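# I would like to see how this sequence folds:
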Amino acid sequence: MENNKTKQHVQVPDPTDFKDLKPTDRLVYANIRRFMDKDTYTCYPSMTTIANKCGLTVQTIQNSIKRLIKFGYIEILPDKHNGKNNIYKFKKLESDFERFTNEFLDNKDITPNEKAYLIGLQSQCYKQNDYALTTYSNQEIANTLDISLSSVKRYNTSLKTKEIMTELQTAKFDEEGFNKI
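Sure thing, here's the model as predicted:
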């Protein structure tokens, strides 16, 4: 079996740095960046390719790209060769980033919204052995990722059903005095 350290992966900025962006913007960013040349920090996948990789519509991709440009996560370079695709330029990520494997991004059993949620949730976790763990409450996760509490609960339920996520009781207590999960 291939070692996790040798699997191809994509670096995504810490989602807490992704202010003013929608969760799906993180997924779009990761899927464009997977095509990036490591020396030039550029790539030029088509809108259709990005949409297919993300499992989203071309219109959703276009809207996400506009937000990613507006907030400085990517830029579009002028195409000197009159090609049909945009040329995307990324900043080098020095620190505060998360890694996601192409295997994860290509997983058809996880919906695009669940992938976007997991990309955001990863930064709220600490690593122990081969697991990502968090003791944040659902409300704290919702607040940090700027999504609704009902969405967090829905994603968690679906990911538990798919056996991608497990809940464990902790020794920590929430605001009502119950053990955090």
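
# could you pull up the residues touching the residue positioned nearest the centre of the chain?
Per C-alpha atoms, centre = their mean, the C-alpha nearest to the average position across the chain is that of I119, at 3.1 Å. Counting by C-beta atoms under 8 Å, 6 or more residues apart in numbering, I119 touches V12, P15, P23, R26, L27, A30, E98, F100. Placement of C-beta: from N, CA and C, glycine included.

# so what pLDDT did it get?
As predicted, I119 sits at a pLDDT of 88.

# what separates the helix or strand where it lies from the chain centre, distance-wise?
Using DSSP states H and E, I119 falls within helix 112-122. Per C-alpha atoms, centre = their mean, to the nearest Å, the displacement of helix 112-122 from the mean C-alpha position of its chain is 5 Å.

# given the next helix or strand after it, what are its sheet partners and their directions?
Proceeding N to C from helix 112-122, the next assigned helix or strand is strand 126-128, under DSSP H and E. Here strand 126-128 is paired, per DSSP bridges, with strand 131-133 (antiparallel).

# and the partner strand, how far from the chain's centre?
16 Å.

# check what contacts it and list those residues.
Taking C-beta under 8 Å, 6+ apart as the rule, strand 131-133 contacts L121, Q122, C125, Y126, K127.
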